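*Asks:* Structural data only, the sequence is not supplied:
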Ligand code: PMP
């Protein structure tokens, strides 16, 4: 399946990396295990492009898995980072810049009255769960199959057999005792959610959900599913957590909650709010956030939380996405990509469809757009892998797994999208 030349610098680096790092990577999906072949070692990025160790240029639809919404190395973001760095890298004491970004997040996401900054999405969701449990005095959490919320122990859970069973760990090293309080339900299954609340609603601390799911390819939550979730949480006194680490400032300015008009109690953010640097956050109703240390009993902390260099990148990014028409243009470009790819596949007779929400998109090697994890998994993985490698050869870098959403940036203009669609036309014809 691989098309790489044996003397590729990527091959040499990958062999070397595997000596000092497990699997040669610092985050599993980067290793190309799902698609096979050699991961590209990136040397630089600019606008919609990345370059690998052989100097080959790719149009990038990963965008660092979401943060690069302005395009890579936006000059104003780079300048802000350089300026901040010149004044020192980290103080472990409060700064005015942290107030500025907190105020900005609260203003842009009205459900967030108070926010705490952390350094990764995993920390954000882990802390939000602890807060929900601390605030309610309950243990159970509800999540949905196919939603990813980082790698905290109690979230690495897959659905057990049978309806409403408690989850099984999806990772070695997670004791069953740690996940016995995690209930895993089907995404977009309203009846199952109602049953769960009916049978155990008084013991549920929180429901955590990706309202627009981006970790089982792209799957939209249905309005009915999310609306009922909000009602049930309110009725039973459970905390509703929207994990908008990916969808926040990606599907639109106010995130998925603004798109659907649903107000969660807590929200997790990451990716875009750091503009490519390690910033994430959780926030929500002030009365809930008052449970956090140092004013409340729920402990959470971080040496590098609110890091001044990272916050400078995030704040600059948040300013730039507020320019008039930013999301309209981003949405239009993702639409053009989806329409172009779908048409190219049709012409070649390949079963394919695609969808997008704001600057996020999904590609499915199936006849219909999936609405659940099971439907998504039924897609033609072998064909996706052929498409992925074909496109890579053509100089287009999509996420190296069928289960991931893709991202466009403000620099994916008509020429870039057009070049992508032309390449896809050739690749679809080859794999038809
Ligand atoms: N939640 C969601 C919805 C995510 O997409 C991710 C990362 N892809 C995370 C949480 C975890 O974030 P991080 O990788 O920064 O820990």
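*Replies:* Cool, got the structure. Given the structure is predicted, the values throughout are model-derived calculations rather than measurements.

*Asks:* how about the residue nearest the centre of the chain, what does it touch?
*Replies:* By Cα atoms, centre = their mean, the chain has its centre lying nearest to residue 246, at 3.1 Å. Applying Cβ atoms under 8 Å, 6 or more residues apart in numbering, we find residue 246 in contact with 66, 121, 210, 212, 214, 215, 270, 271, 360, 405. For glycine as for every other residue, the C-beta is placed from the backbone atoms N, C-alpha and C.

*Asks:* if you set the cut-off to 10 Å instead, what comes out?
*Replies:* By Cβ atoms under 10 Å, 6 or more residues apart in numbering, the contact list for residue 246 reads 65-67, 121, 148, 210, 212-215, 218, 255-256, 268-272, 360, 405, 407.

*Asks:* Likewise for residue 402?
*Replies:* With the criterion set at Cβ under 10 Å, 6+ apart, residue 402 makes contact with 34-35, 216-217, 362-365, 376-377, 379-385, 387-388.

*Asks:* Return the residues of the stretch 51-200 of the chain in contact with the ligand.
*Replies:* 65, 120, 121, 122, 125, 148, 149, 150 (Cβ under 6 Å from any ligand atom).

*Asks:* What's the separation between the first one and residue 420?
*Replies:* It stands for residue 65. Using Cβ to Cβ, to the nearest Å, one gets 19 Å for the distance from residue 65 to residue 420.

*Asks:* Give me the more crowded residue out of those two.
*Replies:* residue 420 (25 against 20; other Cβ atoms under 10 Å).

*Asks:* Would you mind giving both backbone torsions of whatever residue of the stretch 51-200 of the chain ends up closest to the ligand?
*Replies:* Among the residues of the stretch 51-200 of the chain, residue 121 lies closest to the ligand, at 2.2 Å counting by Cβ to the nearest ligand atom. Main-chain dihedrals, residue 121, degrees, to the nearest 10: phi -60, psi -40.

*Asks:* and it, how many residues sit next to it?
*Replies:* By other Cβ under 10 Å, neighbour count at residue 121 equals 28.

*Asks:* Model confidence for the residue nearest to the centre of the chain, exactly?
*Replies:* For residue 246, the pLDDT comes out at 98.

*Asks:* Please confirm that it is located within a strand.
*Replies:* No: counting by DSSP: H, G, I helix; E, B strand; the rest coil, one finds residue 246 to be coil, located in no strand.

*Asks:* roughly how far out does the helix or strand containing residue 391 sit from the chain middle?
*Replies:* Take DSSP states H and E as the rule and residue 391 turns out to sit in helix 381-394. Between the centre of helix 381-394 and the centre of its chain there are 22 Å (Cα atoms, centre = their mean, to the nearest Å).

*Asks:* same thing with stretch 393-403?
*Replies:* 17 Å.

*Asks:* Please renumber the chain so that the first residue is 813 from this point on.
*Replies:* Got it, first residue is 813 now, which makes that one stretch 1205-1215.
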